[in-house]
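Undergrad: model this:
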Amino acid sequence: MRAIVIEEPGGPEVLRPCEVDDPRPGPGQVVVDVEAAGVNFIDIYQRTGVYPVPLPYTPGLEGAGTVTAVGAGVADLAEGQRVAWVSAPGGYARRAAVPAERVVPVPDGVSTERAAAVMLQGLTAHYLTHATYPVRPGDDVLVHAAAGGTGLLLVQLAKARGARVIGTVSTAAKEKQARAAGADDIIRYTEVGDVAAAVRGLTGGAGVAAVFDGVGADTFDASLASLRRRGVLALFGQSSGVVPPVDPQRLNSAGSVFLTRPNLADHIADRAELLQRTTDVLGLVDAGELRVEIGGRYPLADAARAHEDLAARRTTGKLLLV
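TA: Alright, predicted model coming up:
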């Protein structure tokens with residue numbers, strides 16, 4: 001079968017299409033005929049070696065398709081069933097052998113593409129707004145990269161919980177998309193010299209209850225300066241680079257604020273929690289209450305171009321390999 005194989009860390013050119021043996025399910029695994037796989041910044045971190053992984057490997061931590069084979073010990077999944085998965089590698093391939101504990105059924109009303117598009121980013125937006133900082137009615141929150149795949153979902157989930165959402169974007173087109181998702185106010189960081197000052201101007205000087213920051217190095221200082229007293233900075237990504245070490249005294253002087261670096265794995269640590277979150281997220285998609293914006297579809301052989309477009313921030317919404 002066709003798969004993308006990485007043999008050494010590097011740029012997009014290391015994403016090489018190869019012919020490999022079809023996978024067979026081991027105990028506790030299912031083989032999925034992959035219809036769509038999500039493209040995420042964590043794939044770039046792994047490709048470049050920022051997050052080291054054993055080599056060689058096939059990237060892609062989420063996908064969706066149809067079960068074609070079931071391994072020993074798997075009782076709740078069956079051949080022919082439409083499924084999606086998250087936090088298991090191998091998505092950049094025609095077929096993938098996936099641990100069954102990471103695989104969930106896809107509701108009839110949710111397309112396979114949308115299921116693939118919402119797994120990693122949708123579950124991330126869910127835990128951030130429901131667990132890391134449980135958004136409350138009347139809260140002001142700041143979402144960086146509000147027109148990105150995770151950003152658009154964060155805006156919608158925070159609005160659904162009653163927040164006023166301030167988003168940062170770079171262009172007029174991205175502002176339009178963020179507002180369509182429900183953002184109340186937009187700051188174009190390419191035109192505003194001081195994002196934190198703009199945030200405080202929009203909040204009467206108080207600052208926001210929470211900042212959801214997946215950008216990292218470029219936004220960290222503004223994020224910290226945008227918080228209200230005892231606010232929460234959820235730093236869940238680093239698309240612009242790693243944040244340098246932080247003196248805890250800065251949290252004190254910023255108003256006894258909280259800094260956390262959460263990850264999805266700790267919020268779907270067991271199958272019960274995974275099923276609870278995916279039931280919530282896919283249920284919202286099925287009901288039409290959570291809109292999934294697919295910003296680009298790429299053939300498997302064009303995985304390198306998808307990585308280039310994502311890293312250059314040329315896209316909005318979710319990117320898929322199909």
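Undergrad: when you work out contacts or count neighbours from here on, use the C-alpha atoms and nothing else.
TA: OK.
Undergrad: please name the nearest non-neighbouring residue to Asn263.
TA: Nearest non-adjacent residue to Asn263, counting by Cα to Cα, 6 or more residues apart in numbering: Phe236, 6.4 Å away.
Undergrad: domain boundaries for this structure, per the record?
TA: For the chain, automatic domain parsing gives the domain ranges 2-120+269-321, 136-260.
Undergrad: helices of the chain, start to end?
TA: Here the chain has its helices, by DSSP state H, at 41-48, 112-127, 149-160, 172-181, 195-202, 220-225, 249-253, 271-286, 303-311.
Undergrad: could I get these as CSV with distance to Glu13 and mean pLDDT?
TA: Formatted as CSV, those follow (distance: least, Cα to Cα, whole Å; pLDDT from 0 to 100):
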stretch, distance to Glu13, mean pLDDT
helix 41-48, 10, 95
helix 112-127, 24, 97
helix 149-160, 24, 97
helix 172-181, 28, 96
helix 195-202, 35, 98
helix 220-225, 30, 98
helix 249-253, 40, 97
helix 271-286, 34, 97
helix 303-311, 6, 96
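Undergrad: so for Glu8, which of the ones you listed sits nearest?
TA: helix 41-48 (8.1 Å; Cα to Cα).
Undergrad: low-confidence stretches in the chain?
TA: Across the chain, nothing is flagged by pLDDT under 70.
Undergrad: tell me the centre residue of it?
TA: The chain has Gln121 as the residue nearest its centroid, 2.7 Å off, counting by Cα atoms, centre = their mean.
Undergrad: related to what we said a few turns ago, quick one: which of the domains of the chain is nearest Leu128?
TA: Among these, the nearest to Leu128 by Cα to Cα is domain 136-260 (7.6 Å).
Undergrad: ends of the closest one, what's the gap?
TA: Start-to-end span of domain 136-260 (Cα to Cα, to the nearest Å) is 19 Å.
Undergrad: likewise for stretch 175-193?
TA: Taking Cα to Cα as the criterion, the two ends of stretch 175-193 lie 17 Å apart.
Undergrad: starting at the chain centroid, how far to it?
TA: 19 Å (Cα atoms, centre = their mean, to the nearest Å).
Undergrad: on that earlier part again, is it possible to get a markdown table of the domains of the chain that adds mean neighbour count and distance to Tyr127?
TA: Shown next, in a markdown table, are the domains of the chain (neighbours: other Cα atoms under 10 Å; distance: least, Cα to Cα, whole Å):
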| stretch | mean neighbour count | distance to Tyr127 |
| --- | --- | --- |
| domain 2-120+269-321 | 20 | 8 |
| domain 136-260 | 20 | 10 |
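Undergrad: now those domains as JSON lines including distance to His130?
TA: As requested, the domains of the chain are arranged in JSON lines below (distance: least, Cα to Cα, whole Å):
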{"stretch": "domain 2-120+269-321", "distance to His130": "10"}
{"stretch": "domain 136-260", "distance to His130": "9"}
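Undergrad: just to revisit the earlier point, save the helices of the chain as a markdown table, and put in distance to Gly295 too.
TA: Listed next are the helices of the chain as a markdown table, based on distance: least, Cα to Cα, whole Å:
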| stretch | distance to Gly295 |
| --- | --- |
| helix 41-48 | 15 |
| helix 112-127 | 10 |
| helix 149-160 | 8 |
| helix 172-181 | 11 |
| helix 195-202 | 26 |
| helix 220-225 | 26 |
| helix 249-253 | 37 |
| helix 271-286 | 17 |
| helix 303-311 | 10 |
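Undergrad: compare the ones you listed and give me the one nearest Asn263.
TA: Nearest of the helices of the chain to Asn263, taken as Cα to Cα: helix 112-127 at 7.8 Å.
Undergrad: which outside residues touch the closest one?
TA: Residues from elsewhere that reach helix 112-127, judged by Cα atoms under 8 Å, 6 or more residues apart in numbering: 35-38, 61-65, 82-87, 106, 149-151, 153-154, 157, 263-264, 267, 277-278, 281-282, 292, 294, 318-320.
Undergrad: apply 6 Å and report the result again.
TA: 36-38, 63-64, 150, 154, 264 (Cα atoms under 6 Å, 6 or more residues apart in numbering).
Undergrad: what do you get for stretch 90-100?
TA: 2-4, 23, 25, 28-34, 37, 58-60, 63.
Undergrad: export it to CSV, keeping only CA atoms.
TA: This file holds the C-alpha atoms of stretch 90-100, laid out as CSV (Å, rounded to 0.1, in the frame of the first residue of the first chain):
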residue,chain,number,x,y,z
GLY,A,90,0.1,6.0,11.1
GLY,A,91,-2.6,8.2,9.6
TYR,A,92,-0.6,9.3,6.5
ALA,A,93,-1.2,5.9,4.8
ARG,A,94,-3.9,4.1,2.8
ARG,A,95,-4.5,1.8,5.8
ALA,A,96,-3.5,2.0,9.5
ALA,A,97,-3.3,-0.5,12.3
VAL,A,98,-4.6,1.4,15.3
PRO,A,99,-5.0,0.4,19.0
ALA,A,100,-8.7,-0.2,19.5
